[in-house]
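>>> fold the following.
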Amino acid sequence: MTTLSKSKEEMLDPSSTDMRLPSWSTPGSCAALSEVIEAARCALPADVLDFLEGGAGEERSLRENQEAFRRWNFVPQVMSGRGMPDLSTSFLGIPLAMPVLTSPFGADGLFHPQGQCAVARANAAEAVASIVPEAGTYSFEAVAEAAPDAARIAQLHPMGSPENFVTMLHRIEKAGYHAVCITVDCPTAGWRERDLQDRFGSDITTMISGNYPSDGPNRPEDVFGQLFAHSGVVWSWVQLGDLMNETSLPWIAKGVITGADARAAVAAGADAVLVSNHGGRQLDGVPAALDQLPEVVSAVAGRVEVALDSGIRRGSDIVTALALGANVVVIGRLAAYGLAAGGESGVRRVHQLLRAEMLTVLTLLGAGGVAELGSSAVRANFVL
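Okay, here's the model as predicted:
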């Protein structure tokens, strides 16, 4: 566990990072996402890799997230007469070259010295959007400065002081963000046994202090203490909706997996819902996010946009999610693997490989673009 015993300055110094990549696996030479993942696994210390790959409890929901995609088959239309597929779309008014955003994974300096700054630069180059974490190694302002042309959404936790929450909304507006993502499924941290067994996290505060430096008015332990102390008040939809009136930015409710919660999010004023079980990292035993997607899509009935994360590991998974009603997907672990494998170039390679596979799948499906995808493109291979 030497990683967390290093100072923050050492961890953010590229020369101090133990990058044990295979000689063949520079990001640009990776021919498949599996090679990016292998390179990341070689680069990361064991406890950090467990932090990235692990889930809550027995990790049932973690496994189900990926297995859910295997429960759907594609239904191709051959000889379609269409040209090459168009992957471009938009989300909350943000133009995207393909329907992908990166998730607000925190403690990003553990994976690469440049953390979310590198992710944002990669996303700007590939014309996709970043969701930038509140509990990140770099501040919202620093990420914005690192990639001024990037499409950026800022993430916040609905907990702690309402006054600090509103202050952060104003900071986000001032920093030029396009939207806000509220993580509603994390009033406390999940029971993550890999991290507990690794004795991981005692010094992680240094990696989540970007927005709350120790010499500022709020310390990380003050803002995020509820996550680890298992104490505090869980906010209501009414309270969150009232506070979101303090900004004119559109906002996403992240962590919704039921139709009832989706309708509550819409009633609270959300402009989008993100169907997610936090990558299986919060409550073990909940259904796979993909399994819940049709229920949420039906519940919102076109009133707001719908995104999906949890379990996406390849381009064909993205196509499946879009066919089942998602407007876009959000990738977390894949982006973190790319970051660990090679910083900005590693994240770019992840996007390039996702794009190439999506183009292949859509062409073979006979679809002219992501806008044409619907439920007729997939068929369940299971009996409800």
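
>>> what is the neighbour count of the nearest residue to Arg71 once chain neighbours are set aside?
Distance criterion Cβ to Cβ, 6 or more residues apart in numbering; nearest residue to Arg71, sequence neighbours excluded, is Phe382 at 4.9 Å. (Glycine included, C-beta is placed from N, CA and C.) By other Cβ atoms under 10 Å, the residues close to Phe382 number 9.

>>> please identify the helix or strand for Phe382.
Following DSSP states H and E, there is no helix or strand that holds Phe382.

>>> for Glu64, list the residues it contacts.
By Cβ atoms under 8 Å, 6 or more residues apart in numbering, the contact set of Glu64 is 280, 287-288, 291, 311.

>>> please spell out the PyMOL selection for the buried subset of those.
To isolate the buried members of those in PyMOL, using 16 or more other Cβ atoms under 10 Å:
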select buried, resi 280+288+291+311
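
>>> now for the contacts of Glu64: which two are most distant?
Gly280 and Asp291 (12.6 Å; Cβ to Cβ).

>>> give the contact list for the closest residue in space to Ala68 that isn't next to it in sequence.
Of all residues not flanking Ala68 in the chain, Ala288 sits nearest, at 3.6 Å (Cβ to Cβ, 6+ apart). The neighbours of Ala288, taking Cβ under 8 Å, 6+ apart as the test, are 61, 64-65, 67-68, 277, 310-311.

>>> going through those, which ones are buried?
Among the contacts of Ala288, the ones that count as buried by 16+ other Cβ under 10 Å are 61, 64-65, 68, 277, 310-311.

>>> for those, which one is nearest Ala179?
Ser310 (20.0 Å).

>>> do you know how far the closest one is from Asp215?
Distance of Ser310 to Asp215, computed by Cβ to Cβ, to the nearest Å: 36 Å.

>>> now the strands for the stretch 1-150 of the chain?
Remark: strands assigned in the stretch 1-150 of the chain by DSSP state E, counting those that start in this stretch are 72-74, 89-91, 94-96, 100-102, 129-132.

>>> any chance of CSV for these, columns mean pLDDT, distance to Asp271 and mean neighbour count?
As requested, the strands of the stretch 1-150 of the chain are arranged in CSV below (pLDDT from 0 to 100; distance: least, Cβ to Cβ, whole Å; neighbours: other Cβ atoms under 10 Å):
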stretch, mean pLDDT, distance to Asp271, mean neighbour count
strand 72-74, 97, 28, 15
strand 89-91, 98, 10, 19
strand 94-96, 98, 12, 17
strand 100-102, 98, 14, 27
strand 129-132, 98, 14, 29
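
>>> out of these, which is closest to Arg348?
Nearest to Arg348, of all the strands of the stretch 1-150 of the chain, is strand 100-102, at 11.5 Å by Cβ to Cβ.

>>> partners of the closest one, with directions?
Strand pairing for strand 100-102, using DSSP bridges, gives strand 129-132 (parallel), strand 328-331 (parallel).

>>> closest one to Phe74 among those strands?
Proximity to Phe74 (Cβ to Cβ) singles out strand 328-331 among the strands paired with strand 100-102, at 16.5 Å.

>>> quick one: least confident helix or strand in the chain?
Using mean pLDDT, DSSP states H and E, helix 8-11 stands out as the lowest-scoring helix or strand of the chain, at a mean of 50.

>>> pLDDT weak spots in the stretch 251-384 of the chain?
Low-confidence segments of the stretch 251-384 of the chain, defined by pLDDT under 70: 383-384.

>>> correction: the previous question concerned the stretch 101-250 of the chain.
In the stretch 101-250 of the chain (pLDDT under 70), the answer is 202-203, 230-231.

>>> all helices of it, in order?
With DSSP state H, counting those that start in this stretch as the definition, the stretch 101-250 of the chain shows helices at residue ranges 115-126, 140-146, 162-174, 193-197, 220-229, 237-244.
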